[in-house]
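Visitor: Give me a model of this one.
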Amino acid sequence: MHQRKYALELISVSGLGAAKSFHTPIDISVKLTTREYDQHLKETIDQQDKQASKKTACEEDEVLQDQSAHQRIIGKLLYLTVTRPNISYSVQNLSEFLQQPKRSYMEAHLRIIRYIKSHPGKGILLSSNRQDTITAYYDADWAACLFSRKSITGFLIKLGDSLVSWKSKKQSIISRSS
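Guide: Numbering: from 1, shown residues only. Here you go, the predicted model:
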């Protein structure tokens with residue numbers, strides 16, 4: 001089960017038909033932040049070093065004028081996660097920042113689209129072998145959110161060799177232990 005045609009249309013609409021593809025959907029070294037966090041960080045740096053004339057990364061990362069374009073692409077990527085669990089964490093991470101999107105968010109979702117470009121026909125294999133074994137996997141990234149220190153958890157459930165359910169979600173409460 002795949003959405004090859006939808007993925008190719010998304011690549012075409014984004015104007016990335018001739019772009020180089022990526023092998024990973026998100027750069028783990030890049031931490032997405034809100035505009036308020038950037039302003040707080042800038043004020044803290046300014047207080048610590050009044051004589052510094054360097055521009056910080058938060059000054060260069062401007063808010064996009066057209067928020068609806070970013071929101072439309074995130075919506076399309078969310079729809080694509082129906083058959084592409086390999087991008088669900090990345091898209092979930094980006095969907096947190098729908099209000100006041102910055103240039104770094106646009107670069108991140110374009111990276112996801114360029115990752116999809118490497119294998120547009122990738123999807124879910126529904127095996128014809130009948131097996132009645134249920135297998136479940138679960139993982140948590142303890143205190144992964146920079147702002148709230150909430151954990152991000154994910155799971156997947158397989159029936160035989162077929163993937164039937166998966167989810168990636170930020171927890172609603174802060175965990176004090178693992």
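Visitor: Please spell out which residues along stretch 93-108 are buried.
Guide: By 16 or more other Cβ atoms under 10 Å, the buried positions in stretch 93-108 come out as 93-94, 97, 101-102, 104-106, 108. (C-beta placed from N, C-alpha, C; glycine too.)
Visitor: Closest to Ala140 out of those?
Guide: Closest approach to Ala140 among the buried residues of stretch 93-108 (Cβ to Cβ): Asn93, at 14.8 Å.
Visitor: re earlier: between the buried residues of stretch 93-108, which is nearest Glu43?
Guide: Nearest to Glu43 among the buried residues of stretch 93-108: Lys102, at 17.5 Å, using Cβ to Cβ.
Visitor: Now do that closest one against Gln39, distance only.
Guide: Note on Lys102: its distance to Gln39, by Cβ to Cβ, to the nearest Å, is 12 Å.
Visitor: how close does Gly123 sit to Leu78?
Guide: Distance from Gly123 to Leu78, by Cβ to Cβ: 16 Å.
Visitor: Which residue, other than its chain neighbours, is closest to Pro85?
Guide: Among residues not flanking Pro85 along the chain, Trp166 sits closest, at 4.5 Å (Cβ to Cβ, 6 or more residues apart in numbering).
Visitor: Tell me how the chain divides into domains.
Guide: Domain assignment of the chain by automatic domain parsing yields the ranges 4-118, 125-178.
Visitor: Determine how far the last one lies from the middle of the whole chain.
Guide: So that's domain 125-178. 15 Å (Cα atoms, centre = their mean, to the nearest Å).
Visitor: ranges for the helices of this structure?
Guide: All helices of the chain, identified by DSSP state H, fall at 4-13, 35-48, 57-60, 67-80, 88-95, 103-118.
Visitor: Can you tell me which of the ones you listed has the worst average pLDDT?
Guide: Among these, helix 57-60 has the lowest mean pLDDT, at a mean of 51.
Visitor: My guess is Met106 contacts Leu64. True?
Guide: Yes. With contacts counted by Cβ atoms under 8 Å, Met106 reaches Leu64, the gap being 6.3 Å.
Visitor: hey, what's in contact with both of the two?
Guide: His70 (Cβ atoms under 8 Å, 6 or more residues apart in numbering).
Visitor: about what we covered before: looking at Gly123 and Leu78, which is more packed in?
Guide: Taking other Cβ atoms under 10 Å, Gly123 and Leu78 do not tie; Gly123 has more neighbours (19 against 15).
Visitor: Any idea what the more buried one is bridged to?
Guide: Residues in a beta bridge with Gly123, per DSSP bridges, are His2.
Visitor: follow-up on the earlier one: would you tell me which one of the domains of the chain is buried the most?
Guide: With neighbours taken as mean count of other Cβ atoms under 10 Å, those reach their highest mean count in domain 4-118, at a mean of 15.
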